[in-house]
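> Just a sequence and a predicted model for now, questions to come.
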Amino acid sequence: MNQPEDGDSPSTGAKYTLDFRFEGGCLTAEAGGRVATLEEAIAFFRDIAAELRKTGAKSLLIIDGSEGIVPDANEFEILATSLAGEGFEGVRTAFVDADTNAIERIEVGEIIARGLGYQFRVFNSEALANLWLRYGRDE
């Protein structure tokens, strides 16, 4: 785990956790805990971006088992634009909603992110996400 023992994010003190693995050029981030605000969601992705920069990964698998907010369209726009220059550019990113209870709402974020040039897809299955990371094409 790359978070402090109390589970606080180094960026904001949010109560989410991130476990990182780097294998075969792909960074995997497994998330747990709670993301309660837009600011915490931004910090969450910035913490992942910091690990991306450390590893130099060209693909990213986020397995999100955290609880909390799902941004609305306006908030997704703020989130995506706030991450410009953080390290997601050119990184194929698969986001798995581990609980599959918010996939439709998270897909709004996919549409916004892709519109801003991010290689970002949302999945309800880790297996499908891995297939896309390895073999998928961006249309």
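All right, it came through fine. Numbers count the residues shown, from 1 in each chain.
> List the buried residues for the lengthiest helix in the chain?
Of all segments of type helix in the chain, defined using DSSP state H, the longest is helix 38-55. Neighbour-count burial for helix 38-55 flags 38, 40-52, 55 (criterion: 16 or more other C-beta atoms under 10 Å). The C-beta positions use only the backbone N, C-alpha and C, and glycine is treated the same way.
> mind checking which helix or strand the closest residue to Phe120 other than its chain neighbours is in?
Take Phe120 and drop its neighbours on the chain: the residue closest to it by C-beta to C-beta, 6 or more residues apart in numbering is Ala113, 4.0 Å away. Element membership for Ala113, per DSSP states H and E: helix 103-115.
> angle of that helix against helix 38-55?
In terms of direction (axes from the mean of the first three to the mean of the last three C-alpha atoms, to 10 degrees), helix 103-115 departs from helix 38-55 by 60 degrees.
> I'd like to know which elements helix 103-115 is packed against.
Packing partners of helix 103-115 (3 or more C-beta pairs under 8 Å, 6 or more residues apart in numbering; DSSP states H and E): helix 73-82, strand 92-97, strand 120-123.
> C-terminal to the last one, what's the next element?
Using DSSP H and E, the helix or strand that follows strand 120-123 in sequence is helix 126-135.
> and that next one, what's its mean pLDDT?
Rounded to a whole number, the mean pLDDT of helix 126-135 is 95.
> mind listing what the residue nearest to Phe120 touches?
Phe76, Ala80, Phe120 (C-beta atoms under 8 Å, 6 or more residues apart in numbering).
> at 10 Å what do you get?
76-77, 79-81, 83, 88, 93, 95, 119-122 (C-beta atoms under 10 Å, 6 or more residues apart in numbering).
> ok, so of those, who is nearest Tyr135?
Checking these against Tyr135 by C-beta to C-beta gives Arg121 as the nearest, at 12.6 Å.
> and the closest one, how far is that from Glu30?
Per C-beta to C-beta, to the nearest Å, Arg121 is found 18 Å from Glu30.
> Can you say which of the helices and strands packed on helix 103-115 is nearest to Cys26?
Among these, strand 92-97 sits nearest to Cys26 (C-beta to C-beta), with 8.8 Å.
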